[in-house]
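Visitor: Sequence first, then the predicted structure:
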4 protein chains.
Amino acid sequence: MYNIALFGAGRIGQVVHSVNIDAVLIASATNTHADLIELAAKAGKAIFCEKPVHLDMTRVNQCLAVVDQEKVPLFIGFNRRYDPQFSLVEKRLRAGDIGKPESLIIISRDPAPPPVSYIKVSGGLFRDMMIHDFDMARFIMGENPVSVYASGSSIVDPEIGQANDIDTAFVVLRFPSGAMATISNSRRSGYGYDQRLEVHGQKGVLTAKNINENTVECWTDAGCTCSKPEFFFLQRYMQAYQAEWAHFVDVLKQKTTPAVSGIDGKLALYLADSALESLRTGKEVALTYNK
Amino acid sequence: MYNIALFGAGRIGQVVHSVNIDAVLIASATNTHADLIELAAKAGKAIFCEKPVHLDMTRVNQCLAVVDQEKVPLFIGFNRRYDPQFSLVEKRLRAGDIGKPESLIIISRDPAPPPVSYIKVSGGLFRDMMIHDFDMARFIMGENPVSVYASGSSIVDPEIGQANDIDTAFVVLRFPSGAMATISNSRRSGYGYDQRLEVHGQKGVLTAKNINENTVECWTDAGCTCSKPEFFFLQRYMQAYQAEWAHFVDVLKQKTTPAVSGIDGKLALYLADSALESLRTGKEVALTYNK
Amino acid sequence: MYNIALFGAGRIGQVVHSVNIDAVLIASATNTHADLIELAAKAGKAIFCEKPVHLDMTRVNQCLAVVDQEKVPLFIGFNRRYDPQFSLVEKRLRAGDIGKPESLIIISRDPAPPPVSYIKVSGGLFRDMMIHDFDMARFIMGENPVSVYASGSSIVDPEIGQANDIDTAFVVLRFPSGAMATISNSRRSGYGYDQRLEVHGQKGVLTAKNINENTVECWTDAGCTCSKPEFFFLQRYMQAYQAEWAHFVDVLKQKTTPAVSGIDGKLALYLADSALESLRTGKEVALTYNK
Amino acid sequence: MYNIALFGAGRIGQVVHSVNIDAVLIASATNTHADLIELAAKAGKAIFCEKPVHLDMTRVNQCLAVVDQEKVPLFIGFNRRYDPQFSLVEKRLRAGDIGKPESLIIISRDPAPPPVSYIKVSGGLFRDMMIHDFDMARFIMGENPVSVYASGSSIVDPEIGQANDIDTAFVVLRFPSGAMATISNSRRSGYGYDQRLEVHGQKGVLTAKNINENTVECWTDAGCTCSKPEFFFLQRYMQAYQAEWAHFVDVLKQKTTPAVSGIDGKLALYLADSALESLRTGKEVALTYNK
């Protein structure tokens, strides 16, 4: 991991200040994000930063204050909002296709756990993995939850437990409207990248199913088989990555403002931190937003 | 609601003692179950009783003590264990098709809420509706949970809230193995009876999907439509009712003993009562079985 | 094979004439159908006869003349018209859900070929197996075809070819409206009973898919599997058998007249015979109905 | 339509002979293909030409003779062979997943008919539309058919009939092995681009289903809806177009030779011409390849 502060004062600093550069895409290691955001913001550049802003809330607040002060657009890469499946669910829900939302079920499972070395610097399952689902819950429901409960296990890989993290988690969120959500995460599916959600409303349910590798089926005496879900995020969210970048280009062209901003990054982290507190205490954690 | 004590001493009492009768099927109102079970047990008859034994745990314990003493077979009608889909999932899980279970997701939604008059005598969502899912979780996972957390809302129908009940609930269970389960209930789906579950293991997932009304699809410019899930329990669980009765006949022929006994009825009620406690306190409730 | 003429003059004859009998169900060997129909007709009984009336058209005509003369109701058991899937397709097509029909595709495949001994007395694939699909084509399209073309192979089992029959066939029908149909038959699927159809109209398509054995899916690294189609006709058409019998009971109660009559049996045989002629000549056979 | 001969002697001729050009992609109007192929062949360039080579067989033969003489690689753009679904079916069939093929069913339907002005110069449904399916049948079955039967109607649009073409067709092919195929075409589906096939073998069936627009389902009281098939060829075959071009680049790099050559283009046209003959005569047309 290079020293971004030193390096930032050097070549990156020069590059960022170039008049030939309109925007900065930050896709480096998590612990460099906040520094680089501040650097780019002070240089007056538009910023596209992969989630999360930082793993520490105090540092996030500092960083976002700099962005506010410099008045540069900051887009946080919660790519799943740009997945054609999930964004269609959100659009149809808003259009009233199933009435007011009442229950949301998010299932999000990786094909296989990462190495424990990654787990140790990841910030833990809630901040590294479920943070996407916390953002998705806010995106779909259109309101901020008022409480969170979390339960977790290290049942997939005991080494993950020894590293003081969990690999399997169930979370329950409550919203001001009385609606609720559950999120189910696992570091291992065994069959590819499992990314589904269903939102139930007054008149029915909208579901986004997995994208499978192909449409070929084989029926024999052994049963009927079809292809598995796409292997992992690069395959599953290819269209989402393209769409979020297209959105950022629109931001650069001043056609729009960032649809996912620093505050969204901060609130997803707040949910993750609160989930961790719930996991430790066995109690619902009340959530407040009054600042 | 008739007085079973009085009536039991009269005609029902006579009938139950008839030598021409081998077994008693109890499908009357919930508050008559325990009395009738005791009556039949004392008459030495085999008993098939619809769930629950009783809504009050003390009364359940008394009643099961009588059954124990009289040494009659008692089958509790948790019909869903006999659904060909769910029982196949359990059988394949036990056979090792996906390895050891890690996560269970149960989705159980009624087509539309019952009248509030029914809600008031039902014992509430956990004891009336989710009790089936608590039993299913024990059946699938093959172990008793060590904790339960419950969250609920009356978002479907405000009158249900005024009757001091909920119509939507999310529950999280933890098992001794570290496995977890979530149960999602709603009194209203809007599209029929939604009865699904998926159990994730080391090597993959086993899913039981809804049974739809028919296999006809219509593809037009407006989209591709298929039929809805079967309307309600009479349609969805017709095969399950037949299969559980066939099992009871095997019990009568002394080929087997009841696969779902009074203790299963009692433990499902224990989970329901504990969920209610969690709902009220916002905390996980630890579960103990050492008696 | 017993001598129905002799036997008919004896015990069957007595039974059929009993005043305690309202109706006769004929499910005996094909070569006894016409004799038994005549016997029952002359006794003034309502008749439910499994298809076909007879394998020889001259004999069919004689037999139906007797039925006409005796004015008894005759229902021919083309059970598939009563399959809830196919009858729903027909009903929705008539209701205009996809506009006027243009193309019909029928896929009908048995799980495995019967013994060659059966093949030899069956009348051949067109009269024994595809006769159901000829009737289905008339039922769905609501008009009689004006030409038939047939092609066939004995590729599944060479012994079937040696018995002068085919085990695989493709047929094309043309209708007066300009609509067309294709029927695909095979004596062997390898995965159960494959019974599907799709009718394309001006505004879209209505499809009846297979009924599968259960709704359980298993997703693992090896792919996603679901259950196979129901094994054979007894499983697949159980509801159809019940529904056609319920219809016949309505006929007996004089609530309705037979929806599938002797003339339907005769026309299906006519299509089968004409398909055989086309198979032999390599030419379309023009069909006429002017009598 | 410009005069390619004149123009070819001028600017196109100059361009084609440029030493900076390795290959020529011909995607112009059908009646210019043969001239441009000859021009590029004589310039010694590798050629990627959209199907068909030409609508007239004599001209095709002349053109392919020039290509042979000049020894340049010629790839004919039967893009569907590069569709990931169909190529996977072919690969798995060759790998023996379902044993030897016995029956092939190809369903190919456009979303809506083209203008009649296009129909008039298209060469007709068999040469313009079904030619893709003829090539697909040869590709999947791995052998050349020995006979073809065709039936057709102009039921979708009477103007197409007035232009002496059909808009709906069923074709039956027979192969030397005894296997058979049916192809069903329509100029109008009403629900998008319907591109499916299923090949049945000794042990089961391999099916390639449509690619749908998205994975979102909506279940309400009105039924369960999912998205339609992709609208037309640009959406459905985007991956196929990329893959066939990648193959052609490999040809240019001399890693391989064209997997779809001029002879494939010629044979697909031969099947189309023979289908037209069958349509006119009502007879199977025998196919020969011995030259």
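Guide: Yes, it's here.
Visitor: Below-threshold pLDDT in the stretch 151-291 of chain A: ranges please.
Guide: Applying pLDDT under 70 to the stretch 151-291 of chain A picks out residues A:290-291.
Visitor: Strands of that one, start to end?
Guide: Using DSSP state E, counting those that start in this stretch, the strands of the stretch 151-291 of chain A run over residues A:168-174, A:180-186, A:194-201, A:204-208, A:216-220, A:223-226, A:285-286.
Visitor: Show me which positions of the longest helix seen in chain A end up buried.
Guide: The longest helix of chain A (DSSP state H) is helix A:262-281. Under the neighbour-count criterion of 16 or more other C-beta atoms under 10 Å in any protein chain shown, helix A:262-281 has A:262, A:264-276, A:278-279 buried. All C-beta spots, glycine's among them, are computed from the backbone N, C-alpha and C.
Visitor: Now do it against strand A:168-174, angle only.
Guide: Angle, helix A:262-281 to strand A:168-174, by axes from the mean of the first three to the mean of the last three C-alpha atoms, to 10 degrees: 110 degrees.
Visitor: ok and the residue in the stretch 1-150 of chain A nearest chain B?
Guide: Nearest residue of the stretch 1-150 of chain A to chain B: residue A:102, at 5.1 Å (C-beta to the nearest C-beta).
Visitor: So that residue sits against residue A:179, correct?
Guide: Yes - Residue A:102 lies in contact with residue A:179 (C-beta atoms under 8 Å); the separation is 5.3 Å.
Visitor: Can you pull the residues that touch both of those two?
Guide: Common contact partners of residue A:102 and residue A:179 (C-beta atoms under 8 Å, 6 or more residues apart in numbering or on different chains): B:153, B:155.
Visitor: Residue A:20 - how many residues pack around it?
Guide: 5 (other C-beta atoms under 10 Å in any protein chain shown).
Visitor: where does it land in three-state SS?
Guide: In terms of secondary structure, residue A:20 is coil; the call rests on DSSP: H, G, I helix; E, B strand; the rest coil.
Visitor: what residues does the stretch 1-150 of chain A put near chain B?
Guide: Contact residues, the stretch 1-150 of chain A versus chain B (C-beta under 8 Å from any C-beta of the partner chain): A:98, A:102, A:103, A:105, A:107, A:109, A:147, A:149.
Visitor: And the first one, how close does it get to residue A:106?
Guide: Taking C-beta to C-beta, to the nearest Å as the measure, residue A:98 falls 16 Å from residue A:106.
Visitor: helix/strand/coil for the residue of the stretch 1-150 of chain A closest to chain B?
Guide: Assigned state for residue A:102: strand (three-state reduction, three-state DSSP).
Visitor: Quick check, pLDDT for it.
Guide: At residue A:102, the pLDDT value in this model is 98.
Visitor: tell me, how many neighbours does it end up with?
Guide: Residue A:102 has 24 neighbours, counted by other C-beta under 10 Å.
Visitor: Report the contact partners of residue A:37.
Guide: So residue A:37 contacts A:26, A:47, A:49, A:53, A:63, A:66, A:67, A:74 (C-beta under 8 Å, 6+ apart).
Visitor: any idea which element it lies in?
Guide: Secondary structure assigned from DSSP states H and E places residue A:37 in helix A:33-42.
Visitor: pLDDT (mean, whole number) over that helix?
Guide: 96.
Visitor: distance between that helix and the chain's centre?
Guide: Centroid displacement of helix A:33-42 relative to its chain, using C-alpha atoms, centre = their mean, to the nearest Å, is 20 Å.
Visitor: And the contacts of the helix or strand that that helix is followed by?
Guide: Tracing the chain past helix A:33-42, the next element assigned as helix or strand by DSSP H and E is strand A:46-50. For strand A:46-50, contacts defined as C-beta under 8 Å, 6+ apart pick out A:22-27, A:33, A:36-37, A:40-41, A:67, A:72-77, A:245, A:248, A:251-252, A:265.
Visitor: Run the angle between strand A:46-50 and helix A:33-42 for me.
Guide: 170 degrees.
Visitor: Only the buried residues of strand A:46-50, if you could.
Guide: Residues A:46, A:47, A:48, A:49, A:50 are the ones in strand A:46-50 that count as buried (16+ other C-beta under 10 Å).
Visitor: Report the residue ranges of every domain in chain A.
Guide: In terms of domains, chain A is parsed into A:4-72, A:84-236+A:262-286 (source: automatic domain parsing).
Visitor: Show me what residue A:200 is bridged to.
Guide: Residues in a beta bridge with residue A:200, per DSSP bridges, are residue A:103, residue A:205.
Visitor: isn't it right next to residue A:101, touching?
Guide: Yes - between residue A:200 and residue A:101 there is a contact under C-beta under 8 Å: 7.2 Å.
Visitor: Quick one: closest of the domains of chain A to residue C:157.
Guide: Residue C:157 lies closest, by C-beta to C-beta, to one member of the domains of chain A: domain A:84-236+A:262-286, at 16.8 Å.
Visitor: Any of the contacts of strand A:46-50 buried? List them.
Guide: In the contacts of strand A:46-50, burial by neighbour count holds for A:23-26, A:33, A:36-37, A:40-41, A:67, A:72-77, A:245, A:248, A:251-252, A:265, counting by 16+ other C-beta under 10 Å.
Visitor: how far away is the closest residue in space to residue A:235 that isn't next to it in sequence from chain D?
Guide: Spatial nearest neighbour of residue A:235, excluding adjacent residues (C-beta to C-beta, 6 or more residues apart in numbering or on different chains): residue A:193 at 7.4 Å. Taking C-beta to the nearest C-beta, to the nearest Å as the measure, residue A:193 falls 13 Å from chain D.
Visitor: now residue A:240
Guide: Plainly put, residue A:240 is 12 Å away from chain D if you go by C-beta to the nearest C-beta.
Visitor: Can you report how many residues neighbour that residue?
Guide: Residue crowding around residue A:240 was assessed by other C-beta under 10 Å; the count is 21.
Visitor: just checking, it touches residue A:82?
Guide: Yes - counting by C-beta under 8 Å, residue A:240 does reach residue A:82; the two are 4.3 Å apart.
Visitor: Spit out the contact partners of the nearest residue to residue A:159 once chain neighbours are set aside.
Guide: Leaving aside its sequence neighbours, residue A:159 sits nearest to residue A:116 (C-beta to C-beta, 6+ apart; 4.8 Å). Neighbour list for residue A:116: A:157, A:159, A:160, A:162, A:163 [criterion: C-beta under 8 Å, 6+ apart].
Visitor: Quick check on residue A:21: phi, psi?
Guide: In terms of degrees, to the nearest 10, the main-chain angles of residue A:21 are phi -110, psi 130.
Visitor: Identify the bridge partners of residue A:109.
Guide: Residues in beta-bridge contact with residue A:109 (DSSP bridges): residue A:186, residue A:194.
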